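K.L.:
Everything below, folded, please.
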Amino acid sequence: MKTVRLCGGDSCEIDWTPGGTSLVLRVRGDAWSARGRTFVIALPPGETLPRFPAEGLRSESDLAGLRISQVVDGAVYPQDSAVAVAFVRSTTERNIFRIPLQ
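P.N.:
Sure, this is the predicted structure:
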């Protein structure tokens, strides 16, 4: 079994669309963007992973050459149907005294 480095540290997480035709790459906030992003990468037939650089993904430019079908701000979790997705977006708002508001 060959080990494939995906991302450095814990800056990303992956899973697959329910049909297994695409890889879902979620990059956490502050790694590549302030709010985090989700990339849906189409896979060649019969493949489970695209070809990543040997040192793993370190920036968005490392995705060049991959078949990215969708990019969404925040964390997206595809569901069984093409029209249903779950996503997470969180924000923090502060007043002038920097006291967190809920």
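
K.L.:
hey, let's count contacts and neighbours off CA atoms from now on
P.N.:
Fine.

K.L.:
I41 - how many residues pack around it?
P.N.:
22 (other Cα atoms under 10 Å).

K.L.:
quick check, it in a helix?
P.N.:
No. Assignment of I41 by DSSP: H, G, I helix; E, B strand; the rest coil gives strand, placing it outside any helix.

K.L.:
Tell me the confidence at it?
P.N.:
pLDDT for I41: 91.

K.L.:
chain center to stretch 52-60: distance?
P.N.:
Centroid displacement of stretch 52-60 relative to its chain, using Cα atoms, centre = their mean, to the nearest Å, is 13 Å.

K.L.:
Quick one: residues in contact with that stretch.
P.N.:
For stretch 52-60, contacts defined as Cα atoms under 8 Å, 6 or more residues apart in numbering pick out 4-8, 32, 62-63.

K.L.:
pLDDT averaged over it - what is it?
P.N.:
On average, stretch 52-60 scores 81.

K.L.:
Show the end-to-end separation of that stretch, please.
P.N.:
End-to-end span of stretch 52-60 (Cα to Cα, to the nearest Å): 12 Å.

K.L.:
Okay, buried residues for that stretch please.
P.N.:
Neighbour-count burial for stretch 52-60, counted by 16 or more other Cα atoms under 10 Å, picks out 52, 57-58.

K.L.:
Can you tell me the centre-most residue of the chain?
P.N.:
R26 (1.8 Å; Cα atoms, centre = their mean).

K.L.:
residues in contact with the nearest residue to it once chain neighbours are set aside?
P.N.:
Of all residues not flanking R26 in the chain, T38 sits nearest, at 4.4 Å (Cα to Cα, 6 or more residues apart in numbering). Each residue near T38 by Cα under 8 Å, 6+ apart is listed here: 24-27, 71-76.
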